[in-house]
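Engineer: have a look; sequence and predicted model below, questions after that.
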Amino acid sequence: MSRTEDPRTAPPIRWGILGAGGIAGVFADAVNAHTRAQLVAVGSRNRDRAERFATAHGIPTTHVGYRDLVEDPQVDVVYVATPHSEHLEHALLAIAAGKHVLVEKAFTRNTAEAEQVFAAARKAGVFVMEAMWTRFLPHIAALHQVVDAGEIGDIVNITADHGQHFAFNPASRLFDPALAGGALLDLGVYPVSFAHDFLGAPESVHAVGALTETGVDGQVSMALTYPGGVQATLTTTLWAKTPTTATISGTEGFVEVAGSFYTPTSFRVVRRDGRVWTFDLPATKGLQYEAAEVSRRIAAGDVESPLLTWDDTLAVMRTLDDVRAQVGVTYPGE
């Protein structure tokens, strides 16, 4: 699978960065350091922010606003790195300009918005993918090999957590309903997507949560069920730094994925027959693997990645919608 290949072997491509925030900086660093792609333009509503970002990451062209960025003929593919609440508008803007698009996760606020993006991409014939970078990391590819080889037998349950401590700040996007804040879409999407990667869409979703003063989810616990009695137990919180580990347990053993499970990391396989072995990987940031996947798929003429299809993203979004409904979080305009 392409996610196990060196990102430097991916075809060169020209990126435009839409939004000059923190995650865009991490992505830009990864592309510059570990791929043959070029960062050719950045767009922000704030001129100073765009220029500072361009200087920091060696980007030759800055645009004030996003329309000029997506219409820039230098740009092959647009990376949408704005808040979740803006993903629909900005993805559609790029697609309308005929550009391929990588959209930060969570892909949109809800399933209906995601369906709009994919419908537009299908009509335009452009590549679109959710930036769930964990799917493309080497340790995830190795985990699939372990599971597929039957090393732990049939999967019985999966556990995963993602919590980070954030001081309450009503002005922060994480706590702002208008920006689709909350733990679930920012952090909880990782354990939900991890469970989906190995088990597919759940048969049922059961969730409990606690809200912040601003009405977004501060903490959520989820129990997902699958055919044959298989279960996943997933948690996310804005109120504590959790171990951020994951475990896949099966009839013949289990795998412990070290924290943070969603970044390049190691895992330990423990079998019922007493055999124990470890997969170790030197830590790097890791976003270069998703960038390389985008380059390879566009070069192949594909509109989606087989490692993270449009249906995969929609299935994750349906689970997130179900969880939000159960814990009582609605965003303005939904």
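Structural biologist: Okay, I see it.

Engineer: tally of neighbours for the closest residue to Val77 other than its chain neighbours?
Structural biologist: Counting by Cβ to Cβ, 6 or more residues apart in numbering, Val77 lies nearest to His100, which is 4.1 Å off, once chain neighbours are set aside. (C-beta placed from N, C-alpha, C; glycine too.) A count of nearby residues for His100, using other Cβ atoms under 10 Å, gives 25.

Engineer: residues touching His100, list them.
Structural biologist: Asp76, Val77, Val78, Ala94, Val126, Phe127, Val128, Val294, Ile298 (Cβ atoms under 8 Å, 6 or more residues apart in numbering).

Engineer: ok, now how distant is it from Leu308?
Structural biologist: Distance of His100 to Leu308, computed by Cβ to Cβ, to the nearest Å: 14 Å.

Engineer: and if you look at Phe175?
Structural biologist: Between Phe175 and Leu308 the computed distance is 29 Å (Cβ to Cβ).

Engineer: neighbour count for those two, which is higher?
Structural biologist: For the pair Phe175 and Leu308, the greater number of neighbours falls to Leu308 (25 against 21), based on other Cβ under 10 Å.

Engineer: what bridges to the more buried one?
Structural biologist: Beta-bridge pairing of Leu308 under DSSP bridges involves Ser305.

Engineer: touching, it and Trp133? I think so.
Structural biologist: No: applying Cβ atoms under 8 Å as the test, Leu308 and Trp133 come out as separate, 9.6 Å apart.

Engineer: any idea how far Asp311 is from the residue nearest to Val77?
Structural biologist: To Asp311, His100 is 19 Å away according to Cβ to Cβ.

Engineer: who touches Ala54 in this structure?
Structural biologist: Ala54 touches Val42, Pro60, Thr61, Thr62, counting by Cβ under 8 Å, 6+ apart.

Engineer: now do the helix or strand that contains the first one: which elements does it pack against?
Structural biologist: Using DSSP states H and E, the element containing Val42 is strand 38-44. Other helices and strands packing on strand 38-44, by 3 or more Cβ pairs under 8 Å, 6 or more residues apart in numbering; DSSP states H and E, are strand 14-18, helix 22-34, helix 47-57, strand 61-64, helix 67-70.

Engineer: count the neighbours of Gly218 for me.
Structural biologist: There are 24 residues near Gly218, going by other Cβ under 10 Å.

Engineer: okay, and it sits in which element?
Structural biologist: Assigned by DSSP H and E, Gly218 belongs to strand 217-225.

Engineer: appreciated, that's everything.
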